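Undergrad: for reference, the sequence and a predicted model appear below.
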Amino acid sequence: MAQAIDRFGRVINYLRISLTDKCNLRCVYCMDEDMVFKPSSALLQDDELMLLVRVFASLGFHKYRLTGGEPTVRQNIVDIVRGIASTPGVHNLSMTTNGILLDRLAKPLAEAGLQRVNISIDTVDPERFHKITRWGKLEDVWRGIAAAEEAGLTPIKLNAVVVRGFNDQDVTELAKLTLDHPWQVRFIEMMPFGDVADFARSAVVTDQEIRDRIAAEYMPLELLYDGRLDGEARLYRFPGAKGEVGFISTVTQPFCASCNRARLTADGVLRLCLLRDREVDLLTPLRSGATEDELRQIILDGIWHKPWGHGLAENVVPLSRVMSQIGG
Ligand code: SAM
Ligand code: SF4
């Protein structure tokens, strides 16, 4: 079987698929309030998506994460999950979601073959949650988390982007959720994108600052596994806690050397690095009748040219898309 390898020798076998650019929230660090979404016809249709997944799986991509926008607002989401989960070669299927719709979707998604979810929750304070998401209700997320646990979409990982002036005062309470729950609470450093780049740069909170704050307000976290990365996260724990606290510090501590990912955007573009604008259009050849072999070759060529890493330190910021159009 052909394998997708880049010119630095990295084997790329993890595909993050953005199922839609649309969302039922408007997080301040992710998109403008009056965000304009693409018409559905410009997005990969279900059959086109399934074909591409088949092609990626035939190139050794075995790990998949569904994201968005908000993946649960995509029509036919349960059927899409079932289709991807049953594609030969797909071994690991998870989703990143804001959790709002999991109350009713967790069980059918689990039955369709979804294995795990990461749920975004930036604060445990309902008012601040409303402010950071512009209109979300925190109680919906708690219900979603409970439904995910009950459906067996575990281990549950909770993602929090820390934004100065919005939720930096919540990091200790978020971390303390791990005392009694077997969850991994992960603090994600805010990244600059397109229209929200200036905001992201001015309000970023580093992982060291978060750890210092947690130590001052409660107790220090203990580093786990000698600091080795678990995926993209460095893990810590409070002594005796049931869960773990992770830090994803893409900006200050890049993990590009071990990157094994590629991204498929909702409009059918292969994005080679989250934070670089270099992309390969798959939708146009797909709609002009390219064969699966031809698509395989386009993907292999694209992956070969995957950039080494991001250029944030040199002030190179991705401008062509915001996070919701890539999926994180
Ligand atoms: N809607 C889903 C959600 O919020 O989980 C999935 C898509 S969202 C784009 C994926 C992840 O990216 C979320 O955890 C979100 O908090 C994070 N994110 C969005 N904008 C970001 C930014 N500028 N920097 C860092 N993380 C960001
Ligand atoms: Fe929507 Fe997720 Fe972006 Fe928030 S982070 S606006 S939930 S896509």
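TA: Noted; the coordinates are in hand. Numbering: from 1, shown residues only. Ligands and ions are numbered 1, 2, ... in the order given.
Undergrad: report the distance from stretch 122-133 to the chain centre.
TA: The chain centre lies 20 Å from the centre of stretch 122-133; the measure is Cα atoms, centre = their mean, to the nearest Å.
Undergrad: and that stretch, is it in reach of ligand 1?
TA: No. Judged by Cβ under 6 Å from any ligand atom, stretch 122-133 makes no contact with ligand 1; its nearest approach is 6.9 Å. The way it works is simple: take the backbone N, C-alpha and C, and place the C-beta from them, glycine included.
Undergrad: what are the contacting residues of that stretch?
TA: For stretch 122-133, the surrounding residues in contact (Cβ atoms under 8 Å, 6 or more residues apart in numbering) are 25-28, 98, 121, 136-139, 141, 160-163, 166-167, 170, 173-174, 177.
Undergrad: of these, just the buried ones, PyMOL syntax please.
TA: Typed into PyMOL, the next command selects the buried ones out of these (criterion: 16 or more other Cβ atoms under 10 Å):
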select buried, resi 25+26+27+28+98+121+136+138+141+160+161+162+163+166+167+170+174+177
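Undergrad: restrict the contacts of stretch 122-133 to contacts with ligand 1.
TA: Restricting the contacts of stretch 122-133 to those within reach of ligand 1 (Cβ under 6 Å from any ligand atom) leaves 98, 161.
Undergrad: inside helices: which ones of the contacts of stretch 122-133?
TA: 138-139, 141, 173-174, 177 (DSSP state H).
Undergrad: closest one to ligand 1 out of these, please.
TA: Using Cβ to the nearest ligand atom, Val141 comes nearest to ligand 1 of these, at 10.1 Å.
Undergrad: what's the distance between the residue lying closest to the closest one once chain neighbours are set aside and Trp183?
TA: Sequence neighbours aside, Gly99 is the residue nearest to Val141 in space, at 4.4 Å (criterion: Cβ to Cβ, 6 or more residues apart in numbering). Distance, Gly99 to Trp183, by Cβ to Cβ, to the nearest Å: 12 Å.
Undergrad: out of the two, which sits in the more crowded spot?
TA: The residue with more neighbours, out of Gly99 and Trp183, is Gly99; 29 against 22, by other Cβ atoms under 10 Å.
Undergrad: separation between the more buried one and ligand 2?
TA: Between Gly99 and ligand 2 the distance is 9 Å, computed by Cβ to the nearest ligand atom, to the nearest Å.
Undergrad: wouldn't that residue be in contact with Asn118 here?
TA: No. Gly99 lies out of contact with Asn118 (Cβ atoms under 8 Å); the separation is 9.4 Å.
Undergrad: how far does stretch 103-115 sit from the chain's center?
TA: So, by Cα atoms, centre = their mean, the centroid of stretch 103-115 is 18 Å from its chain's centroid.
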